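Q: sequence first, predicted model second:
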Amino acid sequence: MRAVLLTLYDQSAHGARCLAAAAQSAGHEVLLITFKRYVVKRVSRDDPRERDEIAARGHLPLYDVTPFGDVACPYPSPVTETEKEILLGRLERFHPDVLGFSVTSAHLPLVRELSTDIRRRFPRLPQVWGGIHPTMAPEECLKYADAVCVGEGDDAFLEYLDNPRRTDIQTFHFKDADGRHVANPLRPLIQDLDRLPMPMYGEEGKEILIDEDRELGPTDFSNREGPHAHLVVSSQRGCPFSCSYCLHCVVRGLYPHQKYLRRKSVDKFLDEVQCRVRRFRPEWIYFWDEIFMVGREWIEEFCDKYPRRVGIPFGGYGYPQTTTRPMLEMLKQAGCTLVGLGVQSGSERIAAEIYDRHASNEEYVRFGDDLRETGFEEHVVYDLLTSCPFEREEDLRATVALLSRMPKPAHVTLKRLVFFPFTPIAQRERPKSEIGPRTYLFYDMLCILAGMPGVPPVILPALADDAYLRDHPEILEKWAQQIETADAEKKAAESRLKELDAAMPWGIKRATRHFARQVANRLARAARG
């Protein structure tokens, strides 16, 4: 069978890459198409027109709050007719037997549009939809798709490829000859991830990117921010937690009494990392697990083997309830240079009652102290959510108070809360927020300043009490802009100096250092009189 897997605004496309590898290992011919790349773009806070236009097209991006405006992640750059024709032309040349869509709720309207266009051009081409939206709403998706995969599809998709006429495949939903919904039972979660092939990534001739009115190959997928600069690799499926704004808690409910968080063995995982490193030669690796720093025995084995087998700096997420200080010490020794921490809110009321997160502020502070004392003095990221209608101003003040106690410098990321369909928080009746946008700007800038160099944590509560600043949050915004700009210029200068130092011939470098020592000695003698 010849299968095309199509994903939108997502070069990583981990789920589609896993299915592509499974199908290829079973002897099928696979083409992976990324339609439109994942990019970010700054969107003005003062002019809502571009944000409204994105919403009108049906997209649900996350918005990072920064001192210079909001950043859409991803920014859904509009689709052109040329790009559609490139896609249709590629399908015509490949002549697939099956087309698989990887579908998220964030880009559902575009999937429907493309599906309709493809159906018009290729009426006999079976379309299979999979991903988080079809998992949550299979009957809705069957209005467009011939079959829908619910949950994990590694094994089910292979059964479908062996015989697309079957309608009894576990995990798949179909329409029967009379148009009735056929919902087959879910097969159990795959517990042994080691039996799965490595995700397909960067294979010449087997994957393409369509964007900017042209077709690109896998080597064109990245830029300075892409996989040639750093790799994104995952060792897990699932999550140890069930936050109300995340679909993990909903998917977990589809598989009661089953182990939801599963992990590859260390050796199998390092096999994949080594393969990717040889192909892309990255400078850094990010382990894109919900919580990478979980499981003492796994981490201990990983830290023992990683330096010998890979040895490239890496980073990942930790959490107070899964990550101990001895684990941080081992990770630091193994080459970990960055730790992410999802805080989300310093209000324990919001965390527990609204977000269903149950770490206390004292646990966050203790975790932050562990980070500092184990040598993570700079490369720390604190994630926060903002613009939650359930918040009161006292909740925002609690977040500022928590950050004033956390180690710094750190990078504070603020994302506007998105009510994704099917999540528990989206089912709650939302109150009309009592906090206006300028008040949010005031507290958002305080949170960002909390992690910046040169801003003593002790002054944050005093700034939060300043009535004038509260009425004029643009002052804090301008201050944050200036610090961020100066810090970026300093890092660029340091990077340039390193480049010059590396390029300088050894003899000149030695003579320069000798001269510098002579000058220092003369100055010291002059100071002594």
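A: Happy to help now that I have it.
Q: any idea whether Arg366 is helix, strand or coil?
A: Following DSSP: H, G, I helix; E, B strand; the rest coil, we place Arg366 in the helix state.
Q: next, count neighbours for the nearest residue to it once chain neighbours are set aside.
A: Nearest residue to Arg366, sequence neighbours excluded (CB to CB, 6 or more residues apart in numbering): Pro320, at 6.8 Å. C-betas here are computed from N, CA, C, even on glycine. When counting by other CB atoms under 10 Å, one arrives at 19 neighbours for Pro320.
Q: ok, Arg397 next?
A: Counted with other CB under 10 Å, Arg397 comes out at 17.
Q: okay, and it sits in which element?
A: helix 393-403 (DSSP states H and E).
Q: quick one: the closest residue to Pro307 other than its chain neighbours and Pro282, what's the gap?
A: Spatial nearest neighbour of Pro307, chain neighbours left out: Ala334 (5.5 Å); criterion: CB to CB, 6+ apart. In this view, Ala334 and Pro282 are 17 Å apart by CB to CB, to the nearest Å.
Q: follow-up on the earlier one: now for the helix holding Arg397, which elements pack on it?
A: Applying 3 or more CB pairs under 8 Å, 6 or more residues apart in numbering; DSSP states H and E, one finds that helix 393-403 contacts helix 361-373, helix 437-450, helix 460-464.
Q: and stretch 190-208, what's its mean pLDDT?
A: For stretch 190-208, mean pLDDT rounds to 92.
Q: if we can go back for a sec, which one of the helices and strands packed on helix 393-403 lies closest to Tyr306?
A: Tyr306 sits nearest to helix 361-373 of all the helices and strands packed on helix 393-403, at 19.4 Å, using CB to CB.
Q: export that closest one as PDB, just CAs?
A: Written as PDB, here are the backbone C-alpha positions of helix 361-373 (Å, rounded to 0.1, in the frame of the first residue of the first chain):
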ATOM      1  CA  ASN A 361       4.100  27.000  46.800                       C
ATOM      2  CA  GLU A 362       6.600  25.700  49.400                       C
ATOM      3  CA  GLU A 363       7.400  22.700  47.100                       C
ATOM      4  CA  TYR A 364       8.100  25.100  44.200                       C
ATOM      5  CA  VAL A 365      10.400  27.200  46.400                       C
ATOM      6  CA  ARG A 366      12.200  24.100  47.600                       C
ATOM      7  CA  PHE A 367      12.600  22.800  44.100                       C
ATOM      8  CA  GLY A 368      13.900  26.200  43.000                       C
ATOM      9  CA  ASP A 369      16.400  26.200  45.900                       C
ATOM     10  CA  ASP A 370      17.500  22.700  44.700                       C
ATOM     11  CA  LEU A 371      18.000  24.000  41.200                       C
ATOM     12  CA  ARG A 372      20.200  26.800  42.400                       C
ATOM     13  CA  GLU A 373      22.300  24.700  44.800                       C
END
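Q: which stretch in the helices and strands packed on helix 393-403 has the least confidence?
A: helix 460-464 (a mean of 92).
Q: tell me which stretches of the stretch 251-400 of the chain form strands.
A: 262-263, 284-287, 314-318, 336-344, 380-386 (DSSP state E, counting those that start in this stretch).
Q: highest mean neighbour count out of these?
A: With neighbours taken as mean count of other CB atoms under 10 Å, the strands of the stretch 251-400 of the chain reach their highest mean count in strand 314-318, at a mean of 24.
Q: send the alpha carbons of that strand over as CSV?
A: The C-alpha trace of strand 314-318 is given here as CSV (Å, rounded to 0.1, in the frame of the first residue of the first chain):
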residue,chain,number,x,y,z
PHE,A,314,20.3,18.8,26.9
GLY,A,315,17.3,20.0,28.8
GLY,A,316,13.8,19.0,29.9
TYR,A,317,11.0,19.5,32.4
GLY,A,318,11.1,18.7,36.0
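Q: helices or strands up against it?
A: Using 3+ CB pairs under 8 Å, 6+ apart, strand 314-318 is in contact with strand 284-287, strand 336-344.
Q: those strands into a markdown table, with extra columns for distance to Glu362?
A: Listed next are the helices and strands packed on strand 314-318 as a markdown table, based on distance: least, CB to CB, whole Å:
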| stretch | distance to Glu362 |
| --- | --- |
| strand 284-287 | 27 |
| strand 336-344 | 13 |
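Q: if anything else comes up later, I'll come back, but that's it for now.
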